[in-house]
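*Asks:* Predicted model and sequence below, questions to follow.
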Amino acid sequence: MHPPLAIESVDVRAVLVPLKRTPVLKSMSPPAWTIILIDLHMQGGVVGRSYLQPYLPNSVRYIAPLIHDLVERFKGKPANPVDLFRQARQSLWPIGLEGVTLAAIAGLDMALWDALSKAAQMPLARYLGGSVGPVKAYNSNGLWLVDPSEVERETEELIAQGDFTALKIRLGRDSLAQDLAAIAAARRAGGASLQLMADFSQAHTMDEAIARCRALDGEGLDWMEEPIACDNLSGLAQLRRRLATPIQVGENFWGPRDLQIALELDATDFVMPDLMRIGGVTGWMRAAGIAAAKGVPVSTHLYPEFSAHLMRVTETAHWLEWCDWADLILAEPFEVRNGLIHIPDRPGSGVEWNESAIAKYAHRF
């Protein structure tokens, strides 16, 4: 048994990394990807590492100071993630329990779990009571709202990245015909057995979503993700009742209670929490328990390294969303083959830094 760890200090850095394919959405098209790097130093020399992906470069200015404030508050105290999660939220409720607040807590929570499993000389999945093994994944690195003429070639490239049999495709173009053309192009490249997870990225009003989604209901999509505003849970419940294709939401749940409310309202068939928003490992475990009690399949959003470990201890684990956006700044990106992400059998989460790449893509804030 390792001795209790205590928090000592934290280093917070940021990078802006280029992407192989620029995300093309109606709401944004970032030329580079923002990643906040957290190194949580524990008394005794263990360093817990995690990262956050807050989309907006300027958000680092708000999140980083809060991470430093939290570490100063808990400095010298035992590194108990569940206690810190609760106490941090209690201390910050006057300014809200979502957004920047929960993002900062989540980043520290992940780093704490990484440190604890490193100290125990166990992979995170095993430390949480599970086992190390492969996790089925779909490729989410492309098929944005590009011209349908580009979809066939891009589908072939995405499949080849790891012998994938499932891909994320973005829908919600200006016309139904364009969306149908994009789906047809993906099927030509990947065959009839290719599984397609459709993400609308909240592109439609309710009336538009009813018309578009019902028109696409026979296309064999695995799910339709966020066709309307993510917080319109009553609208999602209404839409779900009108469709044969399952509804998927969850990347914008801020904490486990958001997930619980969505399930109580029958707003979705599946859920896909995001580690930054759900509350890190601690928030995920609570959310996964709620989903398990309802028998609802759980998929992931971003953070494939930490997420892979957590899928190994999630009762209703469904799909892992694989994206390589952080690979440039990782010392050893996880291996992907045969449509599976393979968790390395080494202590912690497996997240370690490529310092030369971090220096190259450093974001000053």
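*Replies:* Structure received.
*Asks:* List the buried residues of the lengthiest helix in the chain.
*Replies:* Looking across the chain with DSSP state H, the single longest helix is helix 100-119. Residues 100-119 are the ones in helix 100-119 that count as buried (16 or more other C-beta atoms under 10 Å). Bear in mind the C-beta positions are built from the backbone N, C-alpha and C, glycine included.
*Asks:* now stretch 315-328
*Replies:* The neighbour-count check on stretch 315-328 (16+ other C-beta under 10 Å) flags 316-328 as buried.
*Asks:* now swap in stretch 115-135 and tell me
*Replies:* So stretch 115-135, judged by 16+ other C-beta under 10 Å, has buried residues 115-119, 122-128, 130, 132, 134-135.
*Asks:* What of stretch 171-191?
*Replies:* Under the neighbour-count criterion of 16+ other C-beta under 10 Å, stretch 171-191 has 171-173, 179-183, 185-187, 189-190 buried.
*Asks:* mind listing which of those are in helices?
*Replies:* Among those, the residues falling in helices (DSSP H) are 179-183, 185-187, 189-190.
*Asks:* would you list those residues in JSON lines and tack on pLDDT and distance to residue 253?
*Replies:* Listed next are those as JSON lines, based on pLDDT from 0 to 100; distance: C-beta to C-beta, whole Å:
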{"residue": "179", "pLDDT": "98", "distance to residue 253": "26"}
{"residue": "180", "pLDDT": "98", "distance to residue 253": "31"}
{"residue": "181", "pLDDT": "98", "distance to residue 253": "32"}
{"residue": "182", "pLDDT": "98", "distance to residue 253": "28"}
{"residue": "183", "pLDDT": "98", "distance to residue 253": "27"}
{"residue": "185", "pLDDT": "98", "distance to residue 253": "32"}
{"residue": "186", "pLDDT": "98", "distance to residue 253": "28"}
{"residue": "187", "pLDDT": "97", "distance to residue 253": "31"}
{"residue": "189", "pLDDT": "97", "distance to residue 253": "33"}
{"residue": "190", "pLDDT": "96", "distance to residue 253": "30"}
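*Asks:* On the three-state scheme, the residue lying closest to residue 52 once chain neighbours are set aside is what?
*Replies:* Using C-beta to C-beta, 6 or more residues apart in numbering and skipping the chain neighbours, the partner closest in space to residue 52 is residue 36 (4.3 Å). Look at residue 36: counting by DSSP: H, G, I helix; E, B strand; the rest coil, its state is strand.
*Asks:* For residue 12, see how far away residue 36 is.
*Replies:* Distance of residue 36 to residue 12, computed by C-beta to C-beta, to the nearest Å: 7 Å.
*Asks:* Looking at these two, which is more packed in?
*Replies:* residue 36 (24 against 21; other C-beta atoms under 10 Å).
*Asks:* Surely the more buried one is in contact with residue 63?
*Replies:* Yes: counting by C-beta atoms under 8 Å, residue 63 is a contact partner of residue 36 at 6.2 Å.
*Asks:* any residues in contact with both of those two?
*Replies:* 52, 54, 107 (C-beta atoms under 8 Å, 6 or more residues apart in numbering).
*Asks:* can you pull the pLDDT of the last one?
*Replies:* In other words, residue 107. pLDDT, residue 107: 98.
*Asks:* switch to numbering from 233
*Replies:* Taking 233 as the first residue, the last one we looked at is residue 339.
*Asks:* what's near enough to touch it?
*Replies:* 268, 270, 282-284, 295, 299, 508, 512.
*Asks:* How about the first one?
*Replies:* Contact partners of residue 284, counting by C-beta under 8 Å, 6+ apart, are 267-268, 270, 295, 335, 338-339, 508.
*Asks:* Just the local confidence number for residue 256, please.
*Replies:* Reading off the model, residue 256 has pLDDT 82.
*Asks:* quick one: it from residue 477, how far?
*Replies:* If you go by C-beta to C-beta, the gap between residue 256 and residue 477 works out to 23 Å.
*Asks:* Who has more neighbours out of those two?
*Replies:* Legend: neighbour count by other C-beta under 10 Å for residue 256 and residue 477, higher for residue 477 (19 against 14).
*Asks:* Surely that one and residue 444 touch.
*Replies:* No: using C-beta under 8 Å, residue 477 is not in contact with residue 444; the gap is 11.6 Å.
*Asks:* Surely residue 535 and residue 285 touch.
*Replies:* Yes: Residue 535 lies in contact with residue 285 (C-beta under 8 Å); the separation is 7.3 Å.
*Asks:* list the residues that contact both of those two?
*Replies:* Each of residue 508 lies in contact with both residue 535 and residue 285 under the rule C-beta under 8 Å, 6+ apart.
*Asks:* Which one's more surrounded, those two?
*Replies:* residue 535 (26 against 18).
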